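**Student:** Please work out how this folds:
(2 chains)
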Protein chains: 2
Amino acid sequence: MKKAIVLLSGGLDSATCLAAALKAGFECYTMSFDYGQRHRNELAASENLSRAMGAKEHRCFVLDLRQWGGSALTDDTLSVPKEGVADTVPVTYVPARNLVFLSLAASWGEVLGAHDIFIGVNSVDYSNYPDCRAGFIKSFAETVRLGTCAVDDNWKWVIHTPLQDLSKAEIIRLGVSLGVDYSLTTSCYDPDSEGRSCGKCDSCRLRHQGFADAGVPDPTRYTE
Amino acid sequence: MKKAIVLLSGGLDSATCLAAALKAGFECYTMSFDYGQRHRNELAASENLSRAMGAKEHRCFVLDLRQWGGSALTDDTLSVPKEGVADTVPVTYVPARNLVFLSLAASWGEVLGAHDIFIGVNSVDYSNYPDCRAGFIKSFAETVRLGTCAVDDNWKWVIHTPLQDLSKAEIIRLGVSLGVDYSLTTSCYDPDSEGRSCGKCDSCRLRHQGFADAGVPDPTRYTE
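**Tutor:** Numbers count the residues shown, from 1 in each chain, chains lettered A, B, ... in the order given. Okay, the predicted model is just below:
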């Protein structure tokens, strides 16, 4: 059975991505990152999802991106925007986050012999983060091929992005068809102390609109 | 003054690389990584070098690559080879290490506004690690450009590799001409408890031969 690393944040997209990886027949090794994010409650969601969905193994990798901050998710002096999704890169962008996460996935993957990585990036209903775009992912695949040990003459790394061109509603419909229990997921950037979602940050807005557009009841617990 | 991140392991190459970055007029932010390596004494060397050579700031970033091992440097059940440098990738290769380190440098760099990174990789007197080759570095520069926030239409990241095509002896001569105090550096993969070098691992062999070829006294403290 072919192995794959699946980046699993605990949110809607990555849970759907894991479902797609399992459906494709991969033995899945899931990874979350405790990087100093404001919304640490996603880490428990990630671990629960990994177990509930049948991944082979789950790792929560610890690294402190809060030490240099630069994002509303890793610096408490910056506020999470609540006014709606803008056209520019918002302050919730975490510098080079997906580059760092994919690199660590490659490190574990090389040890496991897993040269397939799944990541739930999306270029439709997203926050304009540069590290969610297809060109970045394509370039990363070539970089990691060049920077790791070849196992044969035709080897390559495949970075799977099954959600890249789907709307949020299409992602949710895909996940529902694959049996994803979205009540186990959390997307909010700024949850309250009981883990309830704010309903106003970009991530909550995109998620809530997605459920509405998909005609699927939104299972999210909101603060108000 | 233009800012640069300099990866500084505490070894001979990276110390020379820092000297080259300073000589080129950059304000230097040095980074070492406490990743679970066998030769942790390099971390103190890195901090000392950064201070002695006049870097602006030093960070030691903590991340546990020992959790999946896969290298004699991060797994105590694997031995560091002492028989001499081979033609294949040796067991001291740490999976995707430079990819992970460069990605973290890019994250800090993006926050600092430093889009120049110096890394002391070398393709001449080296251990055949894939992540030291020029093709990997070139590809990484494009990947990080695509995965981070553009600051203008013509922006790019520059990954400086001033040692790429130099022999070890040439690196040492360059460093001596720039005033590097090599007695502050440590290269051994398997030092003893007092921090003395084994003299037999690939890193020690390449270093010792380099001093001999350069006609420079080797200031290394060896076990025997």
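**Student:** following the biggest strand by length in chain A, which helix or strand shows up next?
**Tutor:** Identified as the longest strand of chain A according to DSSP state E is strand A:27-34. Sequence order places helix A:41-53 as the next helix or strand after strand A:27-34, per DSSP states H and E.
**Student:** Give me the buried stretch members for that next one, please.
**Tutor:** Neighbour counts over helix A:41-53 (16 or more other C-beta atoms under 10 Å in any protein chain shown) mark A:41-43, A:45-50, A:53 as buried. All C-beta spots, glycine's among them, are computed from the backbone N, C-alpha and C.
**Student:** With pLDDT and distance to chain B as new columns, can these be given to me in a markdown table?
**Tutor:** Formatted as a markdown table, the buried residues of helix A:41-53 follow (pLDDT from 0 to 100; distance: C-beta to the nearest C-beta, whole Å):
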| residue | pLDDT | distance to chain B |
| --- | --- | --- |
| A:N41 | 93 | 23 |
| A:E42 | 96 | 19 |
| A:L43 | 97 | 16 |
| A:A45 | 97 | 21 |
| A:S46 | 98 | 17 |
| A:E47 | 98 | 16 |
| A:N48 | 98 | 21 |
| A:L49 | 98 | 21 |
| A:S50 | 98 | 16 |
| A:M53 | 98 | 22 |
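**Student:** Check the gap between the residue located most distally from the centre of chain A and A:L63 for me.
**Tutor:** Distance to the chain centre peaks in chain A at A:D153, reaching 31.6 Å (criterion: C-alpha atoms, centre = their mean). Applying C-beta to C-beta, to the nearest Å, the value for A:D153 to A:L63 is 34 Å.
**Student:** A:M1: neighbour count?
**Tutor:** Neighbour count of A:M1, defined by other C-beta atoms under 10 Å in any protein chain shown: 8.
**Student:** any idea how far A:F211 lies from A:T220?
**Tutor:** For A:F211 relative to A:T220 (C-beta to C-beta), the value is 8 Å.
**Student:** elements contacting the lengthiest helix in chain A?
**Tutor:** In chain A, taking DSSP state H as the definition, the longest helix is helix A:97-112. In terms of contacts (3 or more C-beta pairs under 8 Å, 6 or more residues apart in numbering or on different chains; DSSP states H and E), helix A:97-112 is packed against strand A:3-7, strand A:27-34, strand A:116-118, helix A:134-147, helix B:97-112, helix B:134-147.
**Student:** For the third one, buried residues please.
**Tutor:** By neighbour count with 16+ other C-beta under 10 Å, strand A:116-118 contains the buried residues A:116-118.
**Student:** which SSE is the residue nearest to A:R51 when sequence neighbours are not counted in?
**Tutor:** Nearest non-adjacent residue to A:R51, counting by C-beta to C-beta, 6 or more residues apart in numbering or on different chains: A:H58, 7.1 Å away. Secondary structure assignment for A:H58, by DSSP H and E: strand A:57-62.
**Student:** If we go by neighbour counts, what in that strand is buried?
**Tutor:** A:58-59, A:61.
**Student:** Cheers, nothing more for now.
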